[in-house]
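> I'd like to go over a predicted model; first the sequence, then the structure.
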Amino acid sequence: MIEEPDQPPAPFGKRKTGSADLIKQKIDKLGVVIALIAMPTLLFVPFVTFKANRIVQGQPVWVFSALPTWAAACLMLVVIAVLVSAILKAGVLVRMTAACLGLVTVLIAIGLAASFLTPEGNSFARVSTATGFWMLLFAFAMLLIDALARLRPRPLARILLLLAGLALLGLLARIGVWNELSLLKEFSSRADSFWREGWRHLALAVGSLVIAFAFGLPLGILCYRVERLRAAILNVLNVIQTIPSIALFGLLIAPLGWIAANLPGASELGIRGIGAAPAFIALVLYALLPIVANTVSGLVGVDAAVSNAAKGLGMTDGQILRRIELPLAMPAILTAIRIVLVQNIGMATIAALIGGGGFGVFVFQGIGQTATDLVLLGALPTVALALCAAVIMDALTELATRARKEIATA
Amino acid sequence: MIEIDEISKLYDGRAVVDRVSMQIPASTITAIVGTSGSGKTTLMRMVNRLIDQTSGQIKINGQDITGTQPHELRRRIGYVIQGHGLFPHQTVYDNIATVPRLLKWDRAKIEQKVRELLALFQLEFDSFARRYPHELSGGQQQRVGVARALAAEPDLLLMDEPFGALDPIIRAKAQSDLRDIQRKLGMTILLVTHDMDEAFRLSDRIAVMNAGKLLQYAEPRTLLTHPADSFVAEMVGQAERAFRLLSLNGIDAIAEDGQAAGAALPADLTQREALSDLLWSGRDAAPIAQPDGNAPRRVTLSRLLAAAAER
C-alpha cells in the first residue's frame, strides 16, 4: 500500500494544522498527476480522427465537436467527478468505482463519437481513435490499477474481476456501441479470419510453452544434477535468447526446408521452411532459457539440510526429486511459466512475418496499407491476451504457493 | 551392536578417517567428539552409507552394511541432523510419516505411530499434526526432527550435532528428554558433537577423535581419570576435571543417614550441583528431600570433596 486511504484522527494538541498541512493530508498526489493528464487532454487534445475514406489523411476532431452537446457535457461531468474523487483522498472502493465509471464512459463516448460523425449511409467515412481518447483511457486505467494495488484483492477475486471486465467489454461490443468505429469496421470485414488467427495465435503461444516445458524441465533438472553441464547449457540458451527473431527464422528456413523435402511425412505434418513450423520452433527456443534457468535456481534454492535429511531417511534420488525438490522449486517454475506465456503471446505476433499466422497478420497488413486501425486490430487483442495471461498466472501461482499456509491456518 | 573394524576414508589419498575400530554396545549412547576436521561426522555418515568407506568393515547386529542397498539400509537407521532438516512444505504429520510411508506401512499403523511419537515428545496431536515446520518453535522443530527419525522404530539412531541450533535452556531440556526416551525405547544412539558438556551429560561412552584417528573410546569417568594422551586430557578439560567427575553422578550415591539444617536438596541433583549449593549457602551438609515417612538423609561437603578426587 502506497498511502493510507483514510487519515487517522489527529491526536490532541495537534488540532491546529496549517492550511498547507491540511492540503497535504487531503490531496492525493497520484490523483493530481492523473488530473493533470486528463483535464488538458479533454480540452486541448483531439479525441478522434475523421477520414473521408480509409486511406486519406485524417482530420483531428476535439471532444466538443465529436459528440452531441449533451454527450460532451455528460463526458465532461463524469471526467470532472472522477478526477475530484481521485484528487481528494476518497476510500479505495470509491476510487475504484470512479475509475471504472470513467473507463466505461470514455469507451461509450468513443462509440457515440463514431456514430455522430459518420454521415448517414456513408460507408467510406472512417472515424478512428485519436491521442485524446488513449490518454483519457490511460489516465483512468492508472487510477484503476492504483486502486486495485491498494485493495490487494485475493487471487480468485482478481480472476473474477478480470472476467467481469471482459464480460462488460463483450456486452458493449454486442449491443453495437462501437459499430461505427473504424476499428470495428476493419473487424467486421475480417471477422472470420480474426477468430482463426486468434486461435492460431493462442495455439502458437500455448503450444510452444507446453513443448518448451516438456524439454525445459528435464533439462533444468539435468543442469542442477550435473554441475559441469550447467554453465554450458545456460550459456547456449542465453546466446539463443540474443538472436533476433527474424534472424532465427532465417536460420531455420534451410534445415526445415531440407527436412520437409527429405523426410517422408514431414511436409504433411506442416513442416516447411516458412510458415508455422519455424515460428513455433523459434518460440520454443526462446522459452527454454526462462524455464531452464528458473528450474535450476528453484532447485538450487532448496535448503541443503532438507535434501540431506531426505537422503538420510532413505529416499532414493527419484523420491527426493519428486517429493522434496520439485515441490519446493515449484514457485520458481510457475514464475517461469508466467514469464514465458506472456513473452510468447507478444512474440507470436512476429510469426506472421513468415506466414505463421496469428494476430501479427493484421499488424503487418495494417503496416503495409498504412491503416492504423488494422494494426490496432492485431495489437489490441495481443495486449489483452497477454494481460489476461499475466493476471491468471499470477493468481494461480499465488494460490499454489499460498495453499500450504491456508491449510495450516484453517 | 555396531562393530566398526579398521574403517578408513580417503579423499585424494589423504585419510579423513584413519583405521578406526570400535564396538558400540546395543542400547547405549555413544558420543563422538573432536575438533572440526577430526573426521567425526565422516565416521558417522559411513554408518548409514551417506559416505562410502574406502576400506574396512562396519557391521550392524552382525550384518555387513554393504550387503544392503543404501536407501534400504537408511530406512532402518534413524537420522537426525543439525537444524532439524524438516520438509518445509509438509505438515508435522507428513514429516513424521516419511519413513513409514517409504516402508509402505498401512494408514492406520502410520497414524497410530505418529500419535504415539507426538505424545512421547509432549506435542499434542490435535494442535500439532497439521502444522507446518515454520509454525513451530526451535525446540518443537527439533523434537519433530527426532520423532521423524524414530518413526520406523529403528534399533540405531544417528545424530549429527542434533542440539546445535538450540539455545542453552531448551538444549538442556532436549538432552534430558533424549536420555529419557532412549531409556524408554532402548535404541542405540551414535551422536556427533563438539560440545564436551553435552557428551558428558548424555553418553554412556565417549569416542575422542583427532585428525582421523580414534584416540580413546571409553566411559566418561575413564576419560577423566585416565586420559589416553594429552590431547584427550585437554579435550575433556583438565582444569574442570573434578567438576566434570562430580557431574557424572547423582547425590544418592554418596548420601548418608542423618539430619542437616537448611533447605532440602532435590534427590535427583548431580553431585556437582550439590557442591555448588553447599558452597553458595555456606553449609557443611544439606538435607535431601525424602518421601514422607522415610528416614532423613543428607549430603556432606567432605563426601563431595572425596568424590571429586576419586579415580
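Cool, got the structure.
> show me where the stretch 151-300 of chain B has helices.
All helices of the stretch 151-300 of chain B, identified by DSSP state H, counting those that start in this stretch, fall at B:168-185, B:196-202, B:220-225, B:230-236, B:241-247, B:271-281.
> Residue 191: how many residues sit nearby?
Since you didn't name a chain, this refers to chain A. 9 (other C-beta atoms under 10 Å in any protein chain shown). (Glycine included, C-beta is placed from N, CA and C.)
> that's the wrong chain, I meant chain B
By other C-beta under 10 Å, the residues close to residue B:191 number 25.
> correct me, but it touches residue B:32?
Yes. The pair formed by residue B:191 and residue B:32 meets the contact definition of C-beta atoms under 8 Å, at 7.1 Å.
> residues of the strand or helix carrying residue A:343 that come out buried?
Taking DSSP states H and E as the criterion, residue A:343 maps to helix A:326-347. By neighbour count with 16 or more other C-beta atoms under 10 Å in any protein chain shown, helix A:326-347 contains the buried residues A:326-329, A:331-345, A:347.
> Which ones, among the residues you listed, also lie beside chain B?
A:327, A:328 (C-beta under 8 Å from any C-beta of the partner chain).
> Which residue does the stretch 51-200 of chain B have closest to chain A?
residue B:85 (3.0 Å; C-beta to the nearest C-beta).
> and that residue, that's in a strand?
No. With DSSP: H, G, I helix; E, B strand; the rest coil as the criterion, residue B:85 is assigned coil and is not in a strand.
> got the residue ranges for the helices in the stretch 101-250 of chain A?
Under DSSP H, counting those that start in this stretch, the stretch 101-250 of chain A gives helices at A:131-151, A:155-174, A:182-188, A:191-225, A:227-242, A:245-262.
> Output these as CSV; include the columns mean pLDDT.
Output for the helices of the stretch 101-250 of chain A, formatted as CSV (pLDDT from 0 to 100):
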stretch, mean pLDDT
helix A:131-151, 91
helix A:155-174, 92
helix A:182-188, 88
helix A:191-225, 94
helix A:227-242, 91
helix A:245-262, 84
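> Mind checking those helices for the one nearest to chain B?
helix A:191-225 (17.0 Å).
> Mind listing what's buried along the closest one?
A:194, A:197-198, A:200-202, A:204-205, A:207-209, A:211-213, A:216-217, A:219-221, A:223-224.
> just stretch A:392-403 next, same as before
Going by neighbour count (16+ other C-beta under 10 Å), the buried part of stretch A:392-403 is A:392, A:393, A:394, A:395, A:397, A:398.
> Repeat that for stretch B:284-304.
So stretch B:284-304, judged by 16+ other C-beta under 10 Å, has buried residues B:285, B:286, B:287, B:288, B:297, B:298, B:299, B:300, B:303, B:304.
> how close does the fifth one get to chain A?
As judged by C-beta to the nearest C-beta, to the nearest Å, residue B:297 and chain A stand 47 Å apart.
> wait, that residue sits on residue B:289?
No. If you go by C-beta under 8 Å, residue B:297 and residue B:289 don't touch, sitting 9.2 Å apart.
> about what we covered before: mean pLDDT lowest where, among the helices of the stretch 151-300 of chain B?
Among the helices of the stretch 151-300 of chain B, helix B:241-247 carries the lowest mean pLDDT, a mean of 83.
> Please list the residues of the stretch 51-200 of chain B that sit near chain A.
B:71-76, B:79, B:81-89, B:91, B:98-99, B:102, B:130-132, B:135, B:145, B:148-149, B:158.
> Give me the subset of those that lies in strands.
Among these, the members found in strands (DSSP state E) are B:79, B:81, B:158.
> Could you chop chain B up by domain?
B:2-237, B:245-308 (automatic domain parsing).
> Output those in JSON lines; the columns should cover distance to residue A:88.
Shown next, in JSON lines, are those (distance: least, C-beta to C-beta, whole Å):
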{"stretch": "domain B:2-237", "distance to residue A:88": "42"}
{"stretch": "domain B:245-308", "distance to residue A:88": "71"}
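> Ranking those domains by mean neighbour count, which comes first?
domain B:2-237 (a mean of 18; mean count of other C-beta atoms under 10 Å in any protein chain shown).
> now it, how far from the centre of its chain.
8 Å (C-alpha atoms, centre = their mean, to the nearest Å).
> Residue B:23 pairs with what?
residue B:3 (DSSP bridges).
> That one and residue B:59 touch, don't they?
No. With contact defined as C-beta under 8 Å, residue B:23 does not reach residue B:59; the gap is 9.6 Å.
> shared neighbours, the two?
Shared contacts of residue B:23 and residue B:59 (C-beta atoms under 8 Å, 6 or more residues apart in numbering or on different chains): B:2, B:3.
> circling back to that earlier point, okay but the residue of the stretch 51-200 of chain B closest to chain A is in contact with residue B:144, surely?
No. The pair residue B:85 / residue B:144 is not scored as a contact, 10.6 Å apart, by C-beta under 8 Å.
> Distance check, the residue nearest to residue B:34 when sequence neighbours are not counted against chain A.
Excluding the flanking residues, the one nearest residue B:34 by C-beta to C-beta, 6 or more residues apart in numbering or on different chains is residue B:209, at 3.7 Å. Using C-beta to the nearest C-beta, we find residue B:209 at a distance of 21 Å from chain A.
> Need the pLDDT of residue B:209.
93.
> Identify the residues contacting the residue lying closest to residue A:276 once chain neighbours are set aside.
Distances taken as C-beta to C-beta, 6+ apart put residue A:356 closest to residue A:276, at 4.6 Å, once the chain neighbours are dropped. Residue A:356 makes contact with A:200, A:204, A:274, A:275, A:276, A:278, A:279, A:280, A:348, according to C-beta under 8 Å, 6+ apart.
> The residue nearest to residue B:34 contacts residue B:216, correct?
No. With contact defined as C-beta under 8 Å, residue B:209 and residue B:216 do not form a contacting pair (9.3 Å).
> what sits against the residue of chain A found nearest chain B?
Nearest residue of chain A to chain B (C-beta to the nearest C-beta) works out as residue A:309 at 3.0 Å. By C-beta under 8 Å, 6+ apart, residue A:309 lies in contact with B:79, B:81, B:84, B:85, B:86, B:87, B:145.
> can you check residue B:5 too?
B:21, B:56, B:57, B:58, B:59.
> now the first one: how far from chain A?
Put plainly, it is residue B:21. 24 Å.
> does that residue count as helix, strand or coil?
When the rule is three-state DSSP, residue B:21 gets the label strand.
> Am I right that it is in contact with residue B:8?
No. Using C-beta under 8 Å, residue B:21 makes no contact with residue B:8, being 10.4 Å away.
> shared neighbours, the two?
With C-beta under 8 Å, 6+ apart as the test, residue B:21 and residue B:8 both reach residue B:56.
> Any regions of chain B where pLDDT drops low?
Along chain B, segments meeting pLDDT under 70 span B:311.
> If we use 80, what do you get?
Chain B contains residues with pLDDT under 80 at B:83-84, B:165, B:237-241, B:293, B:310-311.
> Tell me who's in contact with the residue nearest the centre of it.
Taking C-alpha atoms, centre = their mean, the centroid of chain B lies closest to residue B:202, which sits 4.4 Å from it. By C-beta under 8 Å, 6+ apart, the contact set of residue B:202 is B:29, B:31, B:175, B:178, B:179, B:191.
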